[in-house]
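Engineer: this one's sequence-less:
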């Protein structure tokens, strides 16, 4: 609960996630990167709440600049490849079952994927 007594994450029992529908490009992201919310709501203007989402990169998708935000982020790479860093300098490639936990204010990226990838992300204040 938050100061406004709003619950940001609902109680959800096991259910089938429809991986074909409900995807959209997050604001500020390039085409080829899509998110699907699983639970919660992150209220960035009021700096409260949390969300769990799937983020997928279609093959060849990329971001151009690093990200930084004011909330915690945990990321688990479920499948595919994720390349982190600027292709003109040093990059590191990661495969399935790799994990990152980033505190608020941590710069990360840019990102790209050769074959595409699927990430599970949890964001919270």
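Structural biologist: Structure's in. What do you need? If you're wondering where the values come from, they're calculated on a predicted model, not measured in any experiment.
Engineer: for residue 56, see how far away residue 68 is.
Structural biologist: 22 Å (Cβ to Cβ, to the nearest Å). The way it works is simple: take the backbone N, C-alpha and C, and place the C-beta from them, glycine included.
Engineer: likewise for residue 118?
Structural biologist: Using Cβ to Cβ, residue 118 is found at 5 Å from residue 56.
Engineer: and residue 8, by the same measure?
Structural biologist: From residue 8 to residue 56 the distance is 23 Å (Cβ to Cβ).
Engineer: give me the more crowded residue out of the two.
Structural biologist: residue 56 (20 against 17; other Cβ atoms under 10 Å).
Engineer: can you pull out the helices in this structure?
Structural biologist: Applying DSSP state H to the chain gives no helices.
Engineer: quick one, what contacts residue 122?
Structural biologist: Contact analysis of residue 122 by Cβ atoms under 8 Å, 6 or more residues apart in numbering lists 50-52, 73-74.
Engineer: ranking by neighbours, what's the top pick from those?
Structural biologist: That'd be residue 51 among those, by other Cβ under 10 Å, with 19 neighbours.
Engineer: which one is that one nearest to, not counting chain neighbours?
Structural biologist: residue 40 (4.0 Å; Cβ to Cβ, 6 or more residues apart in numbering).
Engineer: that neighbour contacts residue 48, correct?
Structural biologist: No. Using Cβ atoms under 8 Å as the test, residue 40 is too far from residue 48 to be in contact (11.0 Å).
Engineer: list residues touching both of these two?
Structural biologist: With Cβ under 8 Å, 6+ apart as the test, residue 40 and residue 48 both reach residue 8.
Engineer: let's see which of the contacts of residue 122 end up in strands.
Structural biologist: Secondary structure assignment by DSSP state E places 50-52, 73-74 of the contacts of residue 122 in strands.
Engineer: and the nearest residue in space to residue 110 that is not next to it in sequence, how far from residue 37?
Structural biologist: Nearest residue to residue 110, sequence neighbours excluded (Cβ to Cβ, 6+ apart): residue 63, at 4.5 Å. The gap separating residue 63 from residue 37 is 20 Å, by Cβ to Cβ.
Engineer: and residue 113, by the same measure?
Structural biologist: 21 Å.
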